[in-house]
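# Whatever this is, show me its structure:
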Amino acid sequence: MIDRRSFAALLAGAVATPRTAWSQMTTSKAVFYASVGPALTRYQIGVEEAALTRQDTVMLPANVQYAWPHPSAPFLYVATSNGGSAALGIKGDKHFLSALRIDPGNGALQTHGPSATLPSRPIHVSLDRSGTFALIAYNNPSSVTVHRINADGTIGEEVKQAAVLDGGIFAHQIRTTPANDAAILVTRGNEATPTKAEDPGALKVFDFKNGTLTNEVSVAPNGGKEFGPRHLDFHPSKPWMYVSIETQNKMYMFRMENGRINPEIAYSAETLAEPILPRLNPLGPKRGRPWRPV
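Coordinates of the predicted model:
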């Protein structure tokens, strides 16, 4: 059986959507990219017949973990690793960031320059708003690195950070703000187990300038207790930020004021039809979350 880490659909289009599927409108066709392990395959989308026709496949140096499109040029950046779930003890020893060129005529992918070696399994990658830097998040150990993107779209050197960064606990995502002067590392924390107390979650906010990150503030309602964020996104025109709270099955809205996050939760919504039901860890109590109230 293929798990969700082995099967990643990678998606982007007129609006960059960073997860689960990637589609690209070209001059004459729409295409869809999907991955199984290290294989990233292009499909032609038949809109009228609602069908996918398999085209060609690009092999990456390891299993695809995440991908992100360049904001203005025909390039796709793919994070790969032979690592896997920490709960299953699959750490891996090969981790990369690769650039692919997208053919503007038919959406075909082609390796673009050498891959960069990464320190551990990357769980998320995104580009800053200018397309000049790639930011990579890691969950074990929880951290972030930055690579330059060269003028020709290839991957440049890592930007060495001047100070030790606050990586929080169990990072899941890294994004720059709409003003592109700050970056936010989403750190989920870990729920309590019968033998271990809860690890708090937080949004780790860094000042971002020319690829350099500087610790700024940690946004952690209730000290990060019962706050397990996984991903965030920004409203396209309003100063609002939306955060999915994985471990509490909620969606929070935060206000952005002068380009920075107001730490107070402005709005909260349930993501389950019946939120009072207990939550079950699909891996079982021996590997993480037991039954517990939400």
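# Can you give me the neighbour number for residue 216?
Other residues near residue 216 number 17, with proximity taken as other Cβ atoms under 10 Å. In short, each C-beta sits where N, CA and C put it, glycine included.
# Over to residue 120?
Residues lying near residue 120 (other Cβ under 10 Å) number 19.
# now the closest residue to it other than its chain neighbours: how far from residue 173?
Closest residue in space to residue 120, ignoring its immediate chain neighbours: residue 138 at 4.9 Å, by Cβ to Cβ, 6 or more residues apart in numbering. Distance, residue 138 to residue 173, using Cβ to Cβ, to the nearest Å: 11 Å.
# Regarding this structure, what is its longest strand?
strand 260-270 (DSSP state E).
# Can you list the strands that the helix or strand encompassing residue 172 pairs with?
Assigning secondary structure by DSSP states H and E places residue 172 in strand 171-176. Strand pairing for strand 171-176, using DSSP bridges, gives strand 182-187 (antiparallel).
# rewinding a little: could you give the mean pLDDT of the strand holding residue 172?
Regarding strand 171-176, the rounded mean pLDDT is 98.
# ditto for stretch 260-267
Averaged across stretch 260-267, the pLDDT comes to 96.
# ditto for stretch 200-214
pLDDT averaged over stretch 200-214 equals 98, rounded to a whole number.
# For it, buried residues please.
Of the residues in stretch 200-214, those scored as buried under the neighbour-count criterion (16 or more other Cβ atoms under 10 Å) are 200, 201, 202, 203, 204, 205, 206, 208, 211, 213.
# out of those residues, which one sits closest to residue 188?
Here the nearest of the buried residues of stretch 200-214 to residue 188, counting by Cβ to Cβ, is residue 201; it sits at 5.1 Å.
# Tell me the spacing between that closest one and residue 134.
With distances defined as Cβ to Cβ, the gap from residue 201 to residue 134 amounts to 24 Å.
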